[in-house]
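Peer 1: what follows is a predicted structure for the sequence shown.
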Amino acid sequence: MRVHRLRLDGSVHWAVARDAEHARLWSNAPWCGGYETTRDVPLDAAAYAAPVRPGKIVCVGRNYAAHARELGHDIPTEPLLFLKPPSALLDPGRSVELPPESSQVEHEGELAVVVGRHLRRAGRQEALGAIAGITCADDVTARDLQRKDIQFTRAKGFDTFCPVGAWVETEPGPLERVELITRVNGETRQHGRIVDMLWPVDALLAYISNVMTLEPGDLILTGTPAGVGPLCAGDTVEVELPGIAVLRHGVREAIADTA
Ligand code: ZN
C-alpha cells in the first residue's frame, strides 16, 4: 500500500491510498502503531508532505562501485555511514535552497528505506523483516564543502537537503528488480539498479543496527548510483523508482536572512 502524509485543512495527516484519487486517513504511520479512521479524502485536495517522521536519517556513502569511482574513491571495504538531520527533510514539490556557503550543490537520487521495527544487533534475516516500506530520496550534497570538511555534516545537512517521497510503498516486491532513475529538467542523469549495490538493503540495516539502535520510522538512505551532478536555481529534479514511487522537487537560491 501507498502511505502518504497529507497537508489538509491546516494540519498534517497520515493516510493510505485507497485508489488513484482517494486516501483513508490514519491516526499515525502504520509502522508506528497507527490505525485506520473512517474518513476518506480526495488526494487532489491535499498537498503532499514528506511521508516520514524519522528520529534519525542514516545514510550510506559509496554503495555503488561506479559512483565511488566517479568521485575518485576506492571501493570501500565496509559501508560508509553518516547522518543527515531530520531538519533537512523537504516535502515533495517544494524547492531545495542553494546555500550561499556552497557553489557546487549536487543531486544524489537514492532508494530510501523506512524502518518498521526496533532493531539492535540484528542479522540480515531479522533486518529484512524490519523494512516497513521504501520511497525515493535526494541526498542533496554541497560537494565543495564535502571535500573541504573532514565530516559530512555541513555538506549534507543544510535545511531542505533531504527531499523524500512522494509516498512510502509498503509492498514493493523484490528489491533486486528495482531500478532508480534521477532526471534533472527531464534529462536522465542517473539510472542505476538496486542489484548493483555493494551492500544490499538487509545487509545495510543489519550493519547499521550493530552501531546504533534503529527504531520504527527511522529512515535509511542507501547510497547513490553513478551520474551525480550539479543543481542550479530553477531546476526540476525527479527521483523515480519505476512502478513504486516518484519524487519531484525544485531548486532555488536561499532567501537571505535579513533579521
Ligand atoms: Zn548519498
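Peer 2: Yep, it's here. Numbers count the residues shown, from 1 in each chain.

Peer 1: gap between the residue of the chain found nearest the ion and residue 19?
Peer 2: The chain approaches the ion most closely through residue 139 (3.3 Å), counting by C-beta to the ion. Yep, even glycine has a C-beta here, placed from its N, CA and C like the rest. Distance check for residue 139 against residue 19: by C-beta to C-beta, to the nearest Å, it reads 32 Å.

Peer 1: more neighbours: those two, which one.
Peer 2: Per other C-beta atoms under 10 Å, whichever of residue 139 and residue 19 has more neighbours is residue 139, with 28 against 8.

Peer 1: quick check: residue 76 touching residue 199?
Peer 2: No. Between residue 76 and residue 199 there is no contact under C-beta atoms under 8 Å: 9.3 Å.

Peer 1: residues in contact with the helix ranked longest in the chain?
Peer 2: When the chain is parsed with DSSP state H, its longest helix is helix 201-209. With contacts defined as C-beta atoms under 8 Å, 6 or more residues apart in numbering, helix 201-209 is touched by 58, 60, 63, 78-79, 81, 111, 113, 115, 119-128, 130-131, 175, 194, 199, 214, 220, 222.

Peer 1: got a list of contacts for the lowest-mean-pLDDT helix or strand in the chain?
Peer 2: Ranked by mean pLDDT, DSSP states H and E, the weakest helix or strand in the chain is helix 65-70, scoring a mean of 86. With contact meaning C-beta under 8 Å, 6+ apart, helix 65-70 is reached by 62, 74-76, 192, 196, 198, 223-228.

Peer 1: how about the nearest residue to residue 180 once chain neighbours are set aside, secondary structure?
Peer 2: Distances taken as C-beta to C-beta, 6 or more residues apart in numbering place residue 192 nearest to residue 180, at 4.8 Å, with adjacent residues excluded. Following DSSP: H, G, I helix; E, B strand; the rest coil, residue 192 is assigned to strand.

Peer 1: just the pLDDT at residue 192, thanks.
Peer 2: Here the pLDDT value assigned to residue 192 is 95.

Peer 1: list the contacts for it?
Peer 2: 64, 66, 179-180, 224-227.

Peer 1: which PyMOL command selects the buried ones in those?
Peer 2: To isolate the buried members of these in PyMOL, using 16 or more other C-beta atoms under 10 Å:
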select buried, resi 64+179+180+224+225+226+227
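
Peer 1: could I get the contacts of residue 192 as a markdown table with secondary structure and distance to the ion?
Peer 2: As requested, the contacts of residue 192 are arranged in a markdown table below (DSSP: H, G, I helix; E, B strand; the rest coil; distance: C-beta to the ion, whole Å):
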| residue | secondary structure | distance to the ion |
| --- | --- | --- |
| 64 | strand | 10 |
| 66 | helix | 14 |
| 179 | strand | 17 |
| 180 | strand | 12 |
| 224 | coil | 4 |
| 225 | coil | 10 |
| 226 | coil | 12 |
| 227 | coil | 12 |
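
Peer 1: for the contacts of residue 192, which one is nearest residue 11?
Peer 2: residue 180 (32.5 Å; C-beta to C-beta).

Peer 1: my guess is that closest one meets residue 195, correct?
Peer 2: No. Using C-beta under 8 Å as the test, residue 180 is too far from residue 195 to be in contact (10.7 Å).
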